[in-house]
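Novice: coordinates only, sequence not included:
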Ligand SMILES: [Zn+2]
């Protein structure tokens, strides 16, 4: 989540740049803003996707109905979390709230 905050701070900063002068071995280059912004956006998308996929590979348990489920990766990437608990809507009973990680290894 800290990475996402950093990216959110970087994006307005890069967009506010119209061009950027770079000194490279005594030669000066004008770099348009998108040369910086595009890799930043692509990188943040990859980080978001990787983080979501990583979280979605874990099994969570609903505290109301005690059923386990795997969250969708896009939900996992944007979900609020506290330690290992994350806010998900249970696909079984529809309860929305903090769901702890399942410690059970079976199924
Ligand atoms: Zn449930």
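Specialist: Nice, thanks for sending it over. Computed from a predicted model, the values in this text were never measured in an experiment.

Novice: for the ion, what are the nearby residues on the chain?
Specialist: 62, 64, 65, 90, 92, 93, 95 (CB under 5 Å from the ion). From N, CA and C alone the C-beta is placed, and that goes for glycine too.

Novice: List buried residues within those.
Specialist: 62, 90 (16 or more other CB atoms under 10 Å).

Novice: Go through the residues of the chain next to the ion and name the one nearest residue 71.
Specialist: Ranked by distance to residue 71 (CB to CB), the residues of the chain next to the ion are led by residue 90 at 10.0 Å.

Novice: wait, what's in contact with the closest residue to that closest one other than its chain neighbours?
Specialist: Setting aside the residues directly before and after it, residue 90 is nearest to residue 62 in space (CB to CB, 6 or more residues apart in numbering), at 4.0 Å. Listed by CB atoms under 8 Å, 6 or more residues apart in numbering, the contact partners of residue 62 are 68, 69, 90, 92, 93, 95, 99.

Novice: Dihedrals phi and psi, the residue nearest the centre of the chain?
Specialist: Averaging the C-alpha coordinates of the chain gives a centre point, and the residue nearest to it by CA atoms, centre = their mean is residue 48 (3.3 Å). Main-chain torsions, residue 48, degrees, to the nearest 10: phi -60, psi -50.

Novice: so who does it touch?
Specialist: For residue 48, the contact set (CB under 8 Å, 6+ apart) comprises 4, 77.

Novice: again with residue 44
Specialist: Going by CB under 8 Å, 6+ apart, the list of residues near residue 44 reads 3, 4, 7, 10, 11.

Novice: which among these end up buried?
Specialist: Among those, those classed as buried by 16+ other CB under 10 Å are 7, 10.

Novice: Just the ones in helices from the contacts of residue 44, please.
Specialist: Mapping these onto helices (DSSP state H) picks out 3, 4, 7, 10, 11.

Novice: just to revisit the earlier point, give me the distance between the residue nearest to the centre of the chain and residue 66.
Specialist: 30 Å (CB to CB, to the nearest Å).

Novice: Perfect, that will be all.
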